[in-house]
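Enquirer: any chance you could fold what I've pasted below:
(chains A, B, C and D)
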Number of protein chains: 2
Amino acid sequence: MNLSLTQIKTQFQELGIKSTLPRVVIYQSLAKSMHHPSAEEIHLAIQKKYPGVSLATVYKTLDMLVQKSLASKVVTNEDKVRYDSKMDNHIHLYCEKTQKIMDYEDQELADMLTGYFSKKGIPNFKINKIQVNINGESKTTKNK
Amino acid sequence: MNLSLTQIKTQFQELGIKSTLPRVVIYQSLAKSMHHPSAEEIHLAIQKKYPGVSLATVYKTLDMLVQKSLASKVVTNEDKVRYDSKMDNHIHLYCEKTQKIMDYEDQELADMLTGYFSKKGIPNFKINKIQVNINGESKTTKNK
DNA sequence: TTCCTATTTAAGAATTATTATTATTTAAAA
DNA sequence: TTTTAAATAATAATAATTCTTAAATAGGAA
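Expert: Coordinates of the predicted model:
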């Protein structure tokens, strides 16, 4: 999603987040990215336009965004953490060949799972979030 | 699952895995553990009875077990990888309070998901494994 | 606007998880 | 047993992330 710096500043103010340039730029970069970037990748991406933003700041800002529910961590088999600014419920498809993570919207599945667990529940467990991850292989001939 | 050293040796032989004491002990420890240990935790657990097994060997052995489909990686929000020797299809419950990971068997759900995707599929994607992770809170009064 | 103060940042050191290197040891086949 | 390829211990190296600290800055108060 493409967000303007002004849009982000407003959003931060509403949530009581102090609005600094590094933060705004980091969030903008994450929101624009479609491929669930790591801290390192975001750091690289913003270098061009905003050099001098340190990697440590990227990490701290991403943590802050997760705290404020503006982003979430995406865990993978790799040894680094990736981030997602899409906060609605969606599936992650992990391509075992390219290591790419794709989002997959499926409202029917989401409803099915919610319905299933609201009816049945899990003994002694309060469900907060159901995350479905599918491992497999992307069959697209062209990898955009 | 409690496995004797002899049982494991036999299992290794059937799979063409060279049977060394470090390997057997590491796999035994993983199989016995109910809480999806990290490499570090396994290393610690076997120290008592088998000191001198190096951490690097634990890592290499766990990798090997994953290759041979005797174990799988469990990814979490933490910054380290954890392992699971339970290879049937099951759900992971992540307790946000205790950080514990619990297994949850639900054949009905597994069948439902398999049925759903075999009927509908995902465009341009070959499904290998469906993993459901549920975040929430364990409500057990006593944490065994 | 200007000043104040708590928060944020940059820089780089430190820590932690994991992998690589290499000399030595060992399982198991001959 | 002897042989040999594979596995191990020890430790150095690397990669991701966090910590430390002094300097910079946002946003409220005057």
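
Enquirer: for the nearest residue to residue A:95 once chain neighbours are set aside, give me the backbone phi and psi.
Expert: With sequence-adjacent residues excluded and distances taken as CB to CB, 6 or more residues apart in numbering or on different chains, residue A:95 is closest to residue A:138, at 4.2 Å. All C-beta atoms are positioned from the backbone trio N, CA, C, and that covers glycine. Main-chain torsions, residue A:138, degrees, to the nearest 10: phi -70, psi 130.

Enquirer: my guess is residue A:138 contacts residue B:125. True?
Expert: Yes. Using CB atoms under 8 Å, residue A:138 makes contact with residue B:125 at a distance of 5.9 Å.

Enquirer: residues touching the closest residue to residue A:47 other than its chain neighbours, list them.
Expert: With CB to CB, 6+ apart as the criterion, residue A:47 has its nearest non-adjacent residue at 7.8 Å, and that residue is residue A:53. Residues counted as contacts of residue A:53 (CB atoms under 8 Å, 6 or more residues apart in numbering or on different chains) are A:22, A:25-26, A:43, A:46-47.

Enquirer: what does residue A:19 give?
Expert: Contacts of residue A:19 (CB under 8 Å, 6+ apart): A:8-9, A:12-13.

Enquirer: one more time with 6 Å, if that's ok
Expert: Residue A:19 is in contact with A:9, A:12, counting by CB atoms under 6 Å, 6 or more residues apart in numbering or on different chains.

Enquirer: again with residue A:97
Expert: Counted by CB under 6 Å, 6+ apart, residue A:97 has contacts residue A:137.

Enquirer: sorry, back to before: would you mind measuring from the residue nearest to residue A:95 to residue A:36?
Expert: Separation of residue A:138 from residue A:36 (CB to CB, to the nearest Å): 14 Å.

Enquirer: looking at these two, which is more packed in?
Expert: Comparing residue A:138 with residue A:36 by other CB atoms under 10 Å in any protein chain shown, the one with more neighbours is residue A:36, at 22 against 18.

Enquirer: check whether stretch A:34-48 contacts DNA strand C.
Expert: No. Using CB under 7 Å from any atom of the strand, we find that stretch A:34-48 stays clear of DNA strand C, coming within 9.6 Å at best.

Enquirer: does that stretch come close to DNA strand D?
Expert: Yes. Counting by CB under 7 Å from any atom of the strand, DNA strand D has neighbours in stretch A:34-48: A:38-40.

Enquirer: rewinding a little: the contacts of residue A:53 in helices, which ones?
Expert: A:22, A:25-26, A:43, A:46-47 (DSSP state H).

Enquirer: residue closest to the middle of chain A?
Expert: residue A:84 (0.6 Å; CA atoms, centre = their mean).

Enquirer: ok, back up a step: include pLDDT, distance to residue B:119 and neighbour count when you put the ones in helices among the contacts of residue A:53 into TSV, please.
Expert: Output for the ones in helices among the contacts of residue A:53, formatted as TSV (pLDDT from 0 to 100; distance: CB to CB, whole Å; neighbours: other CB atoms under 10 Å in any protein chain shown):
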residue	pLDDT	distance to residue B:119	neighbour count
A:22	97	47	16
A:25	97	44	21
A:26	98	41	29
A:43	97	43	19
A:46	96	43	19
A:47	94	46	11
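
Enquirer: looking at these, spot the one nearest residue B:1.
Expert: Nearest to residue B:1 out of those is residue A:43 (CB to CB; 43.6 Å).

Enquirer: okay, and for chain A, where does confidence drop off?
Expert: Along chain A, segments meeting pLDDT under 70 span A:140-144.

Enquirer: you'd agree the residue nearest to residue A:47 is in a helix?
Expert: No. Counting by DSSP: H, G, I helix; E, B strand; the rest coil, residue A:53 is not part of a helix but coil.
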